[in-house]
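> what would the 3D arrangement of this be:
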Amino acid sequence: MGMMPLDIARLRLANQQITDHASKTPPEVVAALGAVQAQDYRNALWAVGLRLSQACEADVERAVASAAIVRTWALRGTLHLLASADVRWILELLAPRVIAGSAYWLRQLEIDDLTLARSRDLFRDALCRRRLLVRKEAMALLEEAGITTTGQRGITILWHLSLEGLLCQMAFRGKQPSFALLDEHVPGAQTMSREEALAELAHRYFVGHGPASLRDFVWWSGLTVADARAGLELAATRLRQEKVGDAMYWMPANPPASERASRVVCLLPGFDEYLLGYADREIVLDAAASRRVVPGGNGVFRPTIVVDGRVVGTWRLGDTARASAIIDLLSPLDADTSHALTQALRDYDAFASGPAELA
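Coordinates of the predicted model:
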């Protein structure tokens with residue numbers, strides 16, 4: 001008998017290191033997955049911490065502050081965490097297609113080559129002197145030079161210069177990300193030939209996200225189908241494959257150390273790779289759950305409660321420092337699962353070092 005949906009879900013939980021903590025440090029987690037979705041900074045910190053046996057939020061933040069982990073716009077032009085050693089070759093492989101696809105948007109915002117050139121010079125000069133600029137300081141720098149930042153202009157300039165490899169983001173100061181020169185904080189990062197990079201990205205993806213299909217890899221990476229297929233073919237000897245229905249799934253050649261068969265309850269952050277890492281999410285997310293996780297289909301993924309690999313509800317912390325966690329379930333849980341959910345909340349509490357009680 002081949003793999004069933006529950007088997008795929010459990011293997012993904014293990015290979016994503018949610019149930020099988022193979023990595024020992026925050027940079028190792030990020031490198032193992034290839035990249036970690038990071039639109040929301042605090043959620044991204046928990047995405048890393050969730051995949052470690054013992055870690056607190058400060059451990060992950062220190063890795064970001066030291067640039068062992070880099071937050072920047074990368075895959076599909078969205079914010080991700082990347083291991084510092086991987087930043088250069090991933091940007092060199094993926095950014096040109098994203099930048100080329102943004103030409104119309106740049107024209108709409110009246111951001112031309114001269115504006116980008118002036119912006120590069122401004123940030124090189126300012127960051128050589130100050131090392132870090134928070135977002136509002138970066139916007140003020142542009143405005144003072146006569147470069148308008150209203151609407152989406154300012155953030156789009158920062159986005160473009162980050163995809164080029166000039167800027168990256170460091171730890172937050174208050175509620176704002178700080179920007180730095182990538183060369184200054186990640187000098188001599190690894191580069192690869194295009195063929196080597198395609199093979200390495202495919203290998204990282206299917207080892208860190210498998211079982212997954214070529215279609216899933218295309219979605220996650222933002223590569224063309226032809227490039228994604230080429231990368232998979234180059235990496236195939238280091239992977240194994242299994243056909244499920246009409247789809248071919250690829251995964252690590254060796255099974256995970258502990259593919260748990262017992263009931264597993266997880267509190268996942270918003271935008272977690274367990275959901276966003278795949279084009280096809282039906283294995284873990286039915287239509288009713290999808291409406292709760294992404295209300296209105298607005299692209300904002302709420303933190304989720306996952307039982308045996310499937311989403312059964314959402315959760316969030318209240319608005320005050322001592323607020324309880326607010327749980328929104330699709331259906332009631334049995335006593336054992338409720339107990340496991342309470343323990344999962346305690347695990348998050350230990351990570352975030354902030355009091356939270358189940359409500």
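
> how about the strands in the stretch 1-150 of the chain?
36-37, 69-73, 79-83, 133-134 (DSSP state E, counting those that start in this stretch).

> next one: the last one to chain centre, how far?
Between the mean C-alpha location of strand 133-134 and the chain-wide mean there is a distance of 22 Å, by Cα atoms, centre = their mean, to the nearest Å.

> the second one now?
Mean C-alpha position of strand 69-73 versus that of the full chain (Cα atoms, centre = their mean) differs by 10 Å.

> what comes into contact with it?
Residues from elsewhere that reach strand 69-73, judged by Cβ atoms under 8 Å, 6 or more residues apart in numbering: 26-27, 30, 38, 41, 44, 48, 60, 63-64, 79-84, 87, 91, 98, 159, 162-163, 167-170, 177, 182, 185-186. All C-beta spots, glycine's among them, are computed from the backbone N, C-alpha and C.

> before we move on, what about the last one?
Under the criterion Cβ under 8 Å, 6+ apart, residues 123, 126, 127, 141, 173, 174, 176, 177, 178, 179, 180 lie in contact with strand 133-134.

> before we move on, back to that, pick the most buried one from the strands of the stretch 1-150 of the chain.
Most buried of the strands of the stretch 1-150 of the chain, by mean neighbour count (mean count of other Cβ atoms under 10 Å): strand 36-37, with a mean of 28.

> and it, what does it pack onto?
For strand 36-37, the packing partners by 3 or more Cβ pairs under 8 Å, 6 or more residues apart in numbering; DSSP states H and E come out as helix 41-49, strand 79-83, helix 273-276.

> domain assignment for this protein?
The chain breaks down into these domains under automatic domain parsing: 5-185, 194-252, 265-352.

> including mean pLDDT, could those domains go into CSV?
CSV is the format used below for the domains of the chain (pLDDT from 0 to 100):
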stretch, mean pLDDT
domain 5-185, 96
domain 194-252, 97
domain 265-352, 90
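
> count the residues that sit near residue 74.
28 (other Cβ atoms under 10 Å).

> correct me, but it touches residue 80?
Yes - Residue 74 is within contact range of residue 80, at 4.5 Å (criterion: Cβ atoms under 8 Å).

> which neighbours do these two share?
Joint contacts of residue 74 and residue 80 (Cβ under 8 Å, 6+ apart) are residue 35.

> residue 286: which of the strands of the stretch 1-150 of the chain is closest?
Across the strands of the stretch 1-150 of the chain, residue 286 has its closest neighbour in strand 36-37 (21.4 Å, Cβ to Cβ).

> which residue is nearest the middle of the protein?
Nearest to the geometric centre of the chain sits residue 37, at 1.3 Å (Cα atoms, centre = their mean).

> so how far is residue 77 from residue 325?
For residue 325, the distance to residue 77 (Cβ to Cβ, to the nearest Å) stands at 32 Å.

> my error: substitute residue 190 in the last question.
Residue 190 sits 22 Å away from residue 77, going by Cβ to Cβ.

> between these two, point out the one with more neighbours.
The neighbour count for residue 190 versus residue 77, taken as other Cβ under 10 Å, is higher for residue 77 (19 against 14).

> now residue 311: phi and psi?
Here is the backbone geometry of residue 311 (degrees, to the nearest 10): phi -70, psi 130.

> between the helix or strand hosting residue 195 and strand 79-83, how big is the angle?
Per DSSP states H and E: residue 195 is located in helix 194-209. Orientation of helix 194-209 against strand 79-83 (axes from the mean of the first three to the mean of the last three Cα atoms, to 10 degrees) gives an angle of 100 degrees.

> what helices or strands is helix 194-209 leaning on?
By 3+ Cβ pairs under 8 Å, 6+ apart, helix 194-209 packs against helix 5-15, helix 26-33, helix 87-101, helix 214-221, helix 225-235, strand 239-244, strand 247-252.

> who's in contact with the nearest residue to residue 9 once chain neighbours are set aside?
Spatially, and ignoring its direct neighbours in sequence, residue 9 is nearest to residue 309 (2.6 Å; Cβ to Cβ, 6 or more residues apart in numbering). Residue 309 makes contact with 6, 8, 9, 10, 12, 13, 264, 283, 284 under the criterion Cβ under 8 Å, 6+ apart.

> of all those residues, which two lie farthest apart?
The largest separation in the contacts of residue 309, counting by Cβ to Cβ, is between 264 and 283 at 15.0 Å.

> nearest residue to residue 283 other than its sequence neighbours?
Nearest to residue 283 is residue 5, by Cβ to Cβ, 6+ apart, at 4.9 Å.

> burial measure for that neighbour, as a count.
Neighbours of residue 5 using other Cβ under 10 Å come to 14.

> likewise for residue 186?
22.

> that one reaches residue 64, doesn't it?
No - at 12.0 Å, residue 186 and residue 64 do not qualify as touching, with contact defined as Cβ under 8 Å.

> how about the secondary structure of the closest residue to residue 85 other than its chain neighbours?
Once flanking residues are discounted, residue 85 sits nearest to residue 190: 5.2 Å by Cβ to Cβ, 6+ apart. Three-state call for residue 190 (DSSP: H, G, I helix; E, B strand; the rest coil): coil.
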